[in-house]
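# I would like to see how this sequence folds:
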Amino acid sequence: MALHPVVEQVTNRIIKRSRPSRAAYLAHMEAARVQGVQRGALSCTNLAHGFAAFPANDKLKLKEYKKPSVAIVSSYNDMLSAHQPFEYFPKVIKDAVREVDAVAQFAGGVPAMCDGVTQGQPGMELSLFSRDTIAMATAVAMSHNMFDSALYLGICDKIVPGLLIGALHFGHIPGIFVPGGPMTTGISNKEKAAIRQRYAKGEATREELLEGESASYHGAGTCTFYGTANSNQMLMEMMGLHMPGAAFITPGTPLRDALTKAAAHQAVAISQQGGQYMPIGHIVDEKSIVNAIVALHATGGSTNHTLHLIAIARAAGIVVDWNDFDELSKVVPSLTRIYPNGEADVNHFQAAGGPGFIIRELLDAGLAHEDVNTILGRGLRAHCKEPFLGEDGKVVFRDVPERSGDEAVLRPASNPFANNGGMVLVQGNLGRAVMKISAVKPEYHTIEAPAITFDSQEDFMQRYKDKELERDFVAVIRFQGPRANGMPELHALTPALANLQDAGFKVAMVTDGRMSGASGKVPAAIHVSPEILAGGPLGLVRDGDIIRVDATTGTLEALVTDTVWAARSMATADLSKSHIGMGRELFAMFRSHSSPAEEGAATFPLPSPIETTVPLHDGIQTDEVQPGSDEDYLFRTQK
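Numbers count the residues shown, from 1 in each chain. Now for the predicted structure:
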């Protein structure tokens, strides 16, 4: 089917907008590439340090300057349920790489924090910036210039975006992302949410709450709701950075190990020496970023990716903004119902058809670009597959079923749950913000009520407990942006707001903070940009101002006259308590250098346009290469 005109229009606009920085990125990437193995650029002293502790046979291969060396960059720690399985992956990978006459080395670890543990705690104020810390740690791991390919082991919220940002700064090196899979299904998400709301009302004890939470988060693997972690996995599938269907296979199973081995073999195959050279910087381009946004909308994924995808694109020299998300959301149908947008979890989604089903439906509907590079070569159609364990213990890939196994969870594009992606850009005299409305009932898409301002989530919760909020209002949670306190998620407010809504009050939230993929059923305009510390107008709101939050018209306004608005001074707050303790003082540089939310809340710059032309190959010059052109295609696919 022909590409949808809006998808084509948005893609072309991104290509044009990104031309200078993308050309610079491609030039920098090509300049970093060497002929032969990457370690060929090292001196004998450098190289001797690089393999001093290696087994004799592996050391011999590294000495020969012929066989590829595969880096393992892992976010393993055994506190995170999702990352605990990675403890055993390096041995599996090393053995698998030896099977294809190559070598794998554990290049380095990256930090991995759990938003589930830090939720509502001081550590949450490090969470967003942990993404760029992970990117830097990835760069440290890859900086030894020993590696011809890489396997990146990560799953959760900031970890996959951070790994990918770091990997893209080594874009000349092929890379494959290796997930660990979700935990098995525990109690239903509906039961879990009900216990949380009862606890917020004081109707359940802490012991009952802990019992319910433990029955939900009960074993190794990713949390099973469709928050940022599992949205990450869907996007890696859609961008062709996973082995097909790898995302949602549970850990500790033979199929999981077989997929990891297959990824290790493929990492060797796509190295320069493997004959199918496919560097990661040639996979992540303007079309693959658009595909990722489309998949995010089609599956009701986390709003955190209105930050992370922008930052990922930025690392590859691609400039994306919220208008792009908004326009695509209007034409991409909603094909899934996974909690918090439904009652099913990701295991149910996998059983109904999984990521391969989504990819096929989007391609067949003309809503995604098929002509992209992936770790399997040219063309996204190769990822419309699901994995099975063959008789020899190796993974085999089969076409996904023609029909969904459960249309209450997963539907074809011809019969969607909704005709849009459920993500809306709202804007007005309060700035620009994102709303996720796929779990919000239509009667709550428009809220007009008096403002109550809060300078912290603790302030909100105290006033809720004191029963001061039993009325119609819009909670303006301010000073929660990246420059103020690191832009923490505000999940702790969700049960309280949901209780007020259930009690019949018209409530909404407006904040320069985050709510991510578990924002739920209360209307929330989040990521308000610019934030107050960047001169954003949210600091002009006063208690009692009538605020209009309207997802149907894309409106975010304080209904205050221009004269009164212009006469107001900016609100201030003592933020010192968010800058000291729990390591937050170490992140002062991140707070002071963060870009606005709509630019990804990133602390690194776009690739700088080059002043002179740099030869790429076959006489093509960087200033002659236009993304999406025939020359660009040749550049990206030639060895």
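
# three-state assignment of residue 150?
For residue 150, the assignment made with DSSP: H, G, I helix; E, B strand; the rest coil gives strand.

# next, count neighbours for it.
The criterion is other C-beta atoms under 10 Å. On that basis, residue 150 has 27 neighbouring residues. Backbone N, C-alpha and C define where each C-beta goes, glycine included.

# let me know whether it touches residue 71 as I believe.
Yes - here residue 150 lies in contact with residue 71, judged by C-beta atoms under 8 Å, at a distance of 4.1 Å.

# which residues do those two both contact?
Jointly contacting residue 150 and residue 71 under the rule C-beta atoms under 8 Å, 6 or more residues apart in numbering are 107, 142, 173.

# the last one touches residue 279, doesn't it?
Yes - under the criterion of C-beta under 8 Å, residue 173 lies in contact with residue 279, with a separation of 6.1 Å.

# among the shared contacts of residue 150 and residue 71, name the ones in helices.
residue 142 (DSSP state H).

# make TSV from the shared contacts of residue 150 and residue 71 and add distance to residue 82 and neighbour count to it.
Listed next are the shared contacts of residue 150 and residue 71 as TSV, based on distance: C-beta to C-beta, whole Å; neighbours: other C-beta atoms under 10 Å:
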residue	distance to residue 82	neighbour count
107	21	22
142	23	23
173	25	25
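
# tell me what the helix ranked longest in the chain is packed against?
Counting by DSSP H, the longest helix found in the chain is helix 5-32. Helices and strands touching helix 5-32, as assessed by 3 or more C-beta pairs under 8 Å, 6 or more residues apart in numbering; DSSP states H and E, comprise helix 280-283, helix 286-299, helix 322-331.

# pick the most buried one from these.
Stretch with highest mean neighbour count among these: helix 286-299 (a mean of 27; mean count of other C-beta atoms under 10 Å).

# what packs against it?
Helix 286-299 sits against helix 5-32, helix 228-238, helix 305-315, helix 322-331, helix 354-364, with contacts defined as 3+ C-beta pairs under 8 Å, 6+ apart.

# recalculate using a threshold of 10 Å.
Other helices and strands packing on helix 286-299, by 3 or more C-beta pairs under 10 Å, 6 or more residues apart in numbering; DSSP states H and E, are helix 5-32, helix 228-238, helix 305-315, helix 322-331, helix 354-364, strand 373-374, strand 423-428.

# could you report the neighbour count for residue 106?
17.

# equivalent analysis for residue 111, please.
Count around residue 111 with other C-beta under 10 Å applied: 15.

# quick one, phi psi at it?
Here is the backbone geometry of residue 111 (degrees, to the nearest 10): phi -70, psi 150.

# that one against residue 141, yeah?
No - if you go by C-beta atoms under 10 Å, residue 111 and residue 141 don't touch, sitting 11.9 Å apart.

# quick check: which element contains residue 340?
Per DSSP states H and E, residue 340 falls between elements, in no helix or strand.

# quick check: it touching residue 524?
No - between residue 340 and residue 524 there is no contact under C-beta under 10 Å: 12.0 Å.

# neighbour count: these two, which is higher?
A count of neighbours by other C-beta under 10 Å puts residue 524 above the other of residue 340 and residue 524, at 30 against 21.

# need the nearest residue in space to the more buried one, chain neighbours excluded.
In this structure, residue 524 finds its nearest non-sequential neighbour in residue 509, 4.3 Å apart by C-beta to C-beta, 6 or more residues apart in numbering.

# CA atoms only: put stretch 172-181 into CSV for me.
Taking Å, rounded to 0.1, in the frame of the first residue of the first chain, the C-alpha atoms of stretch 172-181 are listed here in CSV:
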residue,chain,number,x,y,z
HIS,A,172,30.1,3.5,12.6
ILE,A,173,29.9,0.3,14.7
PRO,A,174,27.1,-2.2,14.2
GLY,A,175,24.9,-2.7,17.3
ILE,A,176,22.1,-5.0,18.4
PHE,A,177,19.9,-4.6,21.4
VAL,A,178,19.4,-7.6,23.6
PRO,A,179,16.4,-7.7,26.0
GLY,A,180,15.8,-10.0,28.9
GLY,A,181,12.1,-10.3,28.6
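
# so where is the chain shaky, pLDDT-wise?
Across the chain, the ranges flagged by pLDDT under 70 are 516-519, 610-639.

# list the helices and strands the longest strand seen in it packs on?
For the chain, the strand reaching the highest residue count under DSSP state E is reported as strand 446-454. The helices and strands touching strand 446-454, judged by 3+ C-beta pairs under 10 Å, 6+ apart, are helix 457-465, strand 473-477, strand 507-511, strand 546-550, strand 555-558.

# what does the first one contact?
Looking back up the chat, that one is helix 457-465. Residues outside helix 457-465 that contact it (C-beta atoms under 10 Å, 6 or more residues apart in numbering): 120, 124, 200, 202, 452-454, 456, 468-470, 475, 477, 480, 488-493, 495-497, 499-500, 509, 511, 513, 577.

# correct me, but residue 2 touches residue 366?
Yes - assessed by C-beta under 10 Å, residue 2 is found in contact with residue 366 at 5.5 Å.

# look at those two and report which has more neighbours.
Taking neighbours as other C-beta under 10 Å, residue 2 and residue 366 compare with residue 366 leading, 16 against 6.

# correct me if wrong, but that one is in a strand.
No - checked against three-state DSSP, residue 366 lies outside a strand; its state is coil.
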